[in-house]
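Enquirer: output the structure for:
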Amino acid sequence: MKRKKNLFKALMALLVIMLGVNFNADAQLGGLVNKAKQAGKNAAKETKKQNSPDALQDAAKGASEDAIKKQWWDETAKLFEEADSTSSILDRCRAFYYAKKKYKEATNNGANDLDFLLVYTERVVISYILVKDLNRDEFLNSQKGLSWDSPYDKLTRTACDDVNYEIFSGGSFPVEVINLANGQENTLNQPFQDISLYIKETLDNADKCKTNEAKLVCLYSAIVNREKYTVEFPNTYPTDENMYTERIKRGVAALPADLLAENPMPEVLSAAELIDKRIEKQLIDFDGPVTTPNSRDNALEQAIKVGVESRNPGAKVKLVSFASDATASWNVEVNIFGIPVRRSKTGNIVVEYPGKAGLDLITSLTVYQQYTDGQYGKSDPNPAIKQVRVDKDMIFVKGLLWLRCKM
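Expert: Next comes the predicted model:
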């Protein structure tokens, strides 16, 4: 995806620069303090030693190896970003080795580096996929051309050794990657239960990010999921306040124009537009006239209509439709001895969706008759009445399936 690819490239430049900076133990504070005590005594001796032919040759060799190492890491960083199923085995191994190293650094001691995890989680997963099914013999044969005398090849062998451990010897990193693929990396919470809270937490994470690329990922996730989980899997009635419409727009507007040009963002829909899309997408399953049985249970229908309107002030119940006891299709429940316990029949209720004049919704209702002393009692309308919720939120509440219909 172009958006992801451009994001990867943007951060890779920074990562490559970081890889070129090397620190060793002697550069730590304690080492510097200890060495300072001997600096004056050893100055003349060290100057003479550093100008000897052997020392100059060693320095040249070291500089060459450092350059080779930087070249290898620069190339490996690109492989991490770009490797795919057409890449060689060695290149895939290097990409995986890099992914593991950078992921471990990004999650060190639980202090998650949001900027890396938000932008590169997908690539970490891909790098694992590219090596998880490697053929063992082909994997070993791919290393035969590597020289033990080459600093460059030694680094590649290190990457292969890591793949050998993680893929062929029961390493633990694949488990972490699987958790990543399943959204369990705890970088962003999942939107399934409370989309409003998800949007807020995602925007809060965007505020914590240091890079515009990571901010863009947060904003993109918020925009896509706020629509998905109010249109396709609704659990929250959307308002511009609980959908954070203005905050998202401000976040997008604050991103650099060139980044947005390379990574176009989805449209930020208003709450009203999300409601309309919900109706358009989810309530189109039934779009025909409501049929009614020839023989109907008028008393039951009236009891349900009065009960629903009483529990839902302002509700407009347009139709309740149940077949009479004599003509209904009954579902009979029996106990372990085969004796009836109760029976049920199903009917329909049609109401006008509040705030959308002319939009009628239909859902099915079930009523029960208990079996006592050898006969069935009257249908109890109360459980059905209590199921029905008629307000603007009703098509965003799971339990009853509301469908658009024609009267």
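Enquirer: may I ask which helix or strand of this structure has the lowest mean pLDDT?
Expert: One helix or strand of the chain scores below all others by mean pLDDT, DSSP states H and E: helix 29-36, with a mean of 24.
Enquirer: what's the helix or strand containing Ile279 in contact with?
Expert: Element membership of Ile279 [criterion: DSSP states H and E] is helix 271-282. Residues outside helix 271-282 that contact it (CB atoms under 8 Å, 6 or more residues apart in numbering): 226-227, 230-232, 234, 238-240, 243, 245, 269, 353, 356, 359, 395-396, 404. Where C-beta positions appear, they are placed from N, C-alpha and C, glycine not excepted.
Enquirer: okay, buried residues for the helix or strand immediately after it in the chain please.
Expert: Next along the chain after helix 271-282, taking DSSP H and E as the criterion, comes helix 298-311. Residues of helix 298-311 classed as buried: 300-301, 303-305, 307-309 (neighbour count, 16 or more other CB atoms under 10 Å).
Enquirer: now whichever helix or strand comes after helix 298-311: buried residues?
Expert: Going down the chain from helix 298-311, the next helix or strand is strand 317-321, by DSSP H and E. Judged by neighbour count (16+ other CB under 10 Å), strand 317-321 contains these buried residues: 317, 319-321.
Enquirer: can I get the residues you listed in a markdown table with distance to Ala222?
Expert: Output for the buried residues of strand 317-321, formatted as a markdown table (distance: CB to CB, whole Å):
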| residue | distance to Ala222 |
| --- | --- |
| Val317 | 38 |
| Leu319 | 41 |
| Val320 | 42 |
| Ser321 | 43 |
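Enquirer: from these, which single one is nearest Asp137?
Expert: The closest of these to Asp137 turns out to be Ser321 (CB to CB; 69.4 Å).
Enquirer: go ahead and confirm the closest one touches Glu301.
Expert: Yes. Under the criterion of CB atoms under 8 Å, Ser321 makes contact with Glu301 at 6.8 Å.
Enquirer: what residues are shared contacts of these two?
Expert: Listed as contacting both Ser321 and Glu301 by CB under 8 Å, 6+ apart are Gly347.
Enquirer: now do the helices in the stretch 101-250 of the chain.
Expert: With DSSP state H, counting those that start in this stretch, the ranges of helices along the stretch 101-250 of the chain come out as 114-132, 136-141, 151-163, 173-181, 195-208, 212-231, 245-253.
Enquirer: wait, which of these is closest to Val290?
Expert: Across the helices of the stretch 101-250 of the chain, closest to Val290 is helix 212-231 (CB to CB), at 25.2 Å.
Enquirer: quick one: contacts for the residue nearest to Leu400 when sequence neighbours are not counted?
Expert: Nearest non-adjacent residue to Leu400, counting by CB to CB, 6 or more residues apart in numbering: Thr363, 4.8 Å away. Thr363 makes contact with 348-349, 388, 400-403 under the criterion CB under 8 Å, 6+ apart.
Enquirer: so what pLDDT did Thr363 get?
Expert: On pLDDT, Thr363 comes in at 91.
Enquirer: over to Lys277?
Expert: Per the predicted model, pLDDT is 92 at Lys277.
Enquirer: gap between the two ends of stretch 346-360?
Expert: Distance across stretch 346-360, first residue to last, is 19 Å (CA to CA, to the nearest Å).
Enquirer: figure out how far that stretch is from the centre of its chain.
Expert: A distance of 35 Å separates the centroid of the chain from that of stretch 346-360, by CA atoms, centre = their mean, to the nearest Å.
Enquirer: repeat for stretch 94-103
Expert: In terms of CA atoms, centre = their mean, the centre of stretch 94-103 is found 22 Å from the chain centre.
Enquirer: show me where the stretch 101-250 of the chain dips below the pLDDT cut-off.
Expert: Regions of the stretch 101-250 of the chain meeting the criterion pLDDT under 70 cover residues 109-111, 183-189.
Enquirer: switch the cut-off to 80
Expert: Scanning the stretch 101-250 of the chain with the threshold set as pLDDT under 80 gives 108-112, 180-190, 192-193.
Enquirer: neighbours of Pro383, how many?
Expert: 11 (other CB atoms under 10 Å).
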